[in-house]
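# no sequence for this one, just the structure:
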């Protein structure tokens with residue numbers, strides 16, 4: 001019979017992409033014994049739990065805390081070479097991070113249930129997407145200007161952002177709902193900033209847009225439209241480039257990229273969608289880019305001077321620690337850092 005300990009051991013092994021044999025070799029028991037641990041037939045003694053904790057980089061209390069989070073439907077954007085084993089590991093890492101996030105919010109007495117402002121707006125075409133974006137900008141009070149920090153915008157509006165590491169660059173992002181109350185966007189922190197910004201908003205589109213009338217094969221396209229309109233609206237692209245154009249310089253594209261934090265390739269896509277340039281011009285553009293390595297490097301370079309990093313969870317942990325809601329040991333567990341490192345970085349400020 002499964003126990004909390006057995007579930008935690010199996011989940012941690014999956015998260016770290018380890019086989020039963022690899023765990024057994026590290027802990028000093030047989031592969032069959034690890035299997036019994038995971039099935040709940042045998043509970044490891046304290047010494048073995050310490051060894052497992054070191055292997056998985058987990059505190060001992062991890063093995064005795066009951067998992068509370070069940071991921072909802074996931075729209076998983078990944079490359080074809082992303083193996084099922086890697087997908088399972090990533091899902092487990094995400095689940096742990098979300099579980100910690102909700103735990104900290106709860107102990108800080110924060111009510112962060114998300115309300116989708118466009119839940120009742122059924123999307124049938126691109127025009128509906130544009131109208132939905134205009135409404136979101138109005139409700140979130142961001143006008144039609146550049147969004148300088150998308151992660152901050154999402155977190156200020158109760159959308160949780162989780163960052164994970166994938167150095168292989170085979171994972172972009174995903175979106176999930178928990179109990180239909182908590183909206184979560186997960187992003188690969190290693191992406192170039194323009195790609196990261198687009199992906200954040202693409203995944204937000206998966207969460208917000210009511211696409212029940214849209215065929216499954218077209219869903220990604222509608223989420224791309226949503227992200228494009230959020231980053232560089234139809235109105236703004238007309239302001240920046242005018243109406244019909246026979247040609248556009250690379251310098252214009254670079255300036256708009258720098259201003260709005262959107263890649264040049266995405267800008268070219270939008271220009272063709274609003275018919276400022278023809279599809280033939282787009283084909284010609286990509287032929288030139290692919291034929292000239294120096295031009296391709298220039299087109300692919302990042303230029304947006306911004307910072308897309310989530311700090312809300314870390315700040316909530318330090319808040320809970322400073323108010324003595326949690327111990328320094330619990331804080332080190334949540335932040336996945338050593339006690340020594342945490343103590344070195346603590347600065348107590350007493351305000352009278």
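Arrived safely. In this text, all values refer to a predicted model and were calculated from it rather than measured experimentally. Residues are numbered from 1 along each chain as shown.
# which residues touch residue 327?
By C-beta atoms under 8 Å, 6 or more residues apart in numbering, residue 327 lies in contact with residue 321. No exception for glycine: its C-beta is placed from N, CA and C like everyone else's.
# if we use 10 Å, what do you get?
By C-beta atoms under 10 Å, 6 or more residues apart in numbering, the residues touching residue 327 are 320, 321, 333.
# low-confidence ranges in the stretch 101-250 of the chain?
For the stretch 101-250 of the chain, no stretch is flagged by pLDDT under 70.
# which residue ranges form the helices in the stretch 151-300 of the chain?
193-208, 219-231, 234-241, 250-260, 264-273, 279-291, 293-300 (DSSP state H, counting those that start in this stretch).
# before we move on, the earlier item: using JSON lines, lay out the contacts of residue 327 together with distance to residue 196, secondary structure and pLDDT.
Shown next, in JSON lines, are these (distance: C-beta to C-beta, whole Å; DSSP: H, G, I helix; E, B strand; the rest coil; pLDDT from 0 to 100):
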{"residue": "320", "distance to residue 196": "28", "secondary structure": "helix", "pLDDT": "94"}
{"residue": "321", "distance to residue 196": "29", "secondary structure": "helix", "pLDDT": "92"}
{"residue": "333", "distance to residue 196": "28", "secondary structure": "helix", "pLDDT": "86"}
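# what's the closest of those to residue 161?
Distances from residue 161 to these, taken as C-beta to C-beta, are shortest for residue 320 (18.9 Å).
# what distance do you get for the closest one to residue 14?
28 Å (C-beta to C-beta, to the nearest Å).
# where do the strands of the stretch 51-200 of the chain begin and end?
75-78, 159-164, 171-178, 182-188 (DSSP state E, counting those that start in this stretch).
# residue 249: which of those strands is closest?
Once the strands of the stretch 51-200 of the chain are compared by C-beta to C-beta, strand 171-178 is nearest, at 29.7 Å.
# who are the packing partners of the closest one?
strand 75-78, helix 84-107, strand 159-164, strand 182-188, helix 193-208 (3 or more C-beta pairs under 10 Å, 6 or more residues apart in numbering; DSSP states H and E).
# can you get me a residue count around residue 25?
Residue 25 has 14 neighbours, counted by other C-beta atoms under 10 Å.
# wait, it sits on residue 51?
No: in this structure, residue 25 is not within contact of residue 51 by C-beta atoms under 10 Å, at 11.2 Å.
# ok, back up a step: adding distance to residue 44, write the helices of the stretch 151-300 of the chain out as JSON lines.
Shown next, in JSON lines, are the helices of the stretch 151-300 of the chain (distance: least, C-beta to C-beta, whole Å):
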{"stretch": "helix 193-208", "distance to residue 44": "38"}
{"stretch": "helix 219-231", "distance to residue 44": "44"}
{"stretch": "helix 234-241", "distance to residue 44": "59"}
{"stretch": "helix 250-260", "distance to residue 44": "54"}
{"stretch": "helix 264-273", "distance to residue 44": "51"}
{"stretch": "helix 279-291", "distance to residue 44": "56"}
{"stretch": "helix 293-300", "distance to residue 44": "49"}
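# give me whichever of these is most buried.
helix 193-208 (a mean of 24; mean count of other C-beta atoms under 10 Å).
# how far off strand 159-164 does that one point, in degrees?
Interaxial angle, helix 193-208 versus strand 159-164 (axes from the mean of the first three to the mean of the last three C-alpha atoms, to 10 degrees): 130 degrees.
# tell me the one of the contacts of residue 327 nearest residue 239?
Taking the contacts of residue 327 together and measuring to residue 239 by C-beta to C-beta, the closest member is residue 320, at 45.2 Å.
# so which of the helices of the stretch 151-300 of the chain comes closest to residue 337?
helix 193-208 (23.7 Å).
# contacts only, for residue 129.
Contacts of residue 129 (C-beta under 10 Å, 6+ apart): 118, 121, 123, 205, 209, 211, 221-230.
# same thing but 6 Å
For residue 129, the contact set (C-beta atoms under 6 Å, 6 or more residues apart in numbering) comprises 225, 226.
# got it, and residue 163?
With C-beta under 6 Å, 6+ apart, residue 163 has these contacts: 187, 189, 310.
# swap the cut-off to 8 Å and go again
Contacts of residue 163 (C-beta under 8 Å, 6+ apart): 186, 187, 188, 189, 309, 310.
# tell me how far it lies from residue 93.
11 Å.
# shared neighbours, those two?
Joint contacts of residue 163 and residue 93 (C-beta under 8 Å, 6+ apart) do not exist.
# hmm, back to that, what would the contacts of residue 327 look like in TSV with neighbour count and distance to residue 129?
Output for those, formatted as TSV (neighbours: other C-beta atoms under 10 Å; distance: C-beta to C-beta, whole Å):
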residue	neighbour count	distance to residue 129
320	20	39
321	19	43
333	20	42
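# return the member of these nearest to residue 294.
residue 333 (48.7 Å).
# any stretches of the stretch 251-352 of the chain with poor pLDDT?
Those would be 347-352, if you go by pLDDT under 70 across the stretch 251-352 of the chain.
# how long is stretch 134-150 from one end to the other?
Start and end residues of stretch 134-150 are separated by 16 Å (C-alpha to C-alpha, to the nearest Å).
# which residues sit against it?
117-118, 121, 153, 157, 197, 200-201, 208, 230-231, 233, 235-236, 259-261, 306-308.
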